[in-house]
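Asks: Pasting a predicted model and its sequence here:
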Amino acid sequence: MAPRAIVIGPPGAGKTTIGRMLAERLDVRFRDTDADVVASTGREISDIFANDGEPAFRALEEQAVDTALHEHDGVLALGGGAVLSELTRKRLAGHPVVFLSVGLAEGARRVGLSAARPLLAGVNPRATFKALLDERLPIYRSVAAVEVATDELEPAAVVDRVVDDLAALSH
Ligand SMILES: Nc1ncnc2c1ncn2[C@@H]1O[C@H](COP(=O)(O)OP(=O)(O)OP(=O)(O)O)[C@@H](O)[C@H]1O
Ligand SMILES: O=C(O)C1=C[C@@H](O)[C@@H](O)[C@H](O)C1
Ligand SMILES: [Mg+2]
């Protein structure tokens, strides 16, 4: 068993929104590793970050991704930083990984840079978000089979593009 599509990208790229819509379009189930970590621990991600630290969250996330890769055959959205794990990147090899990209201005607008996203809750969330985008862009690209720039597309148009690009992959 393996996911039909795995959605990656930074906060605000639309992994959850697009992933859910894509699953509906393909008539398969949707799963999100952020939700899996919350369900398995009974705690919010912001609480895990604040009390146990980012490495503890990353370990839980690595496990959640591995479990989902084996258990899930629908659309899987990963947490924004899941691909920071080298082991996870290796595990993603050969899977239909979709990178949803977003630029600084539109990404910041979408996430609102609120405290609900612990990584972006610091003194200068905009600078932190820019550093995150710059640092991760090559990492997302290194594991993606498909990349869709979402800045100027409505969610439904993003889904259309993803469906077309995934279909082209298998031809
Ligand atoms: N293509 C789009 N156009 C406009 N708004 C969008 C688009 N995609 C997502 N959004 C909006 O941006 C916000 C963030 O989307 P979403 O929660 O799906 O991102 P995410 O990648 O899952 O983020 P996180 O990493 O924090 O889980 C939501 O309010 C969503 O409605
Ligand atoms: O980009 C990130 O590192 C994160 C994104 C979210 O999906 C959550 O997994 C968490 O807030 C960390
Ligand atoms: Mg999400």
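Replies: Cool, got the structure. Numbering: from 1, shown residues only. Ligands and ions are numbered 1, 2, ... in the order given.
Asks: Lowest mean pLDDT among the helices and strands of this structure, which one is it?
Replies: For the chain, using mean pLDDT, DSSP states H and E, the weakest element among its helices and strands is helix 104-111, scoring a mean of 89.
Asks: for that one, packing partners?
Replies: Where contact means 3 or more C-beta pairs under 8 Å, 6 or more residues apart in numbering; DSSP states H and E, helix 104-111 is packed against helix 125-143. Heads up, the C-betas are built off the backbone N, CA and C, glycines and all.
Asks: So what touches the helix it packs on?
Replies: Helix 125-143 has contacts (C-beta atoms under 8 Å, 6 or more residues apart in numbering) with 8-11, 81, 83-84, 89, 92-93, 97, 99, 101, 103-104, 107-108, 111, 113, 119-120, 122, 147.
Asks: Show me which residues of the least confident helix or strand of the chain are buried.
Replies: L104, G107, A108, R110, V111 (16 or more other C-beta atoms under 10 Å).
Asks: can I assume E44 is in contact with D34?
Replies: No: the pair E44 / D34 is not scored as a contact, 10.0 Å apart, by C-beta atoms under 8 Å.
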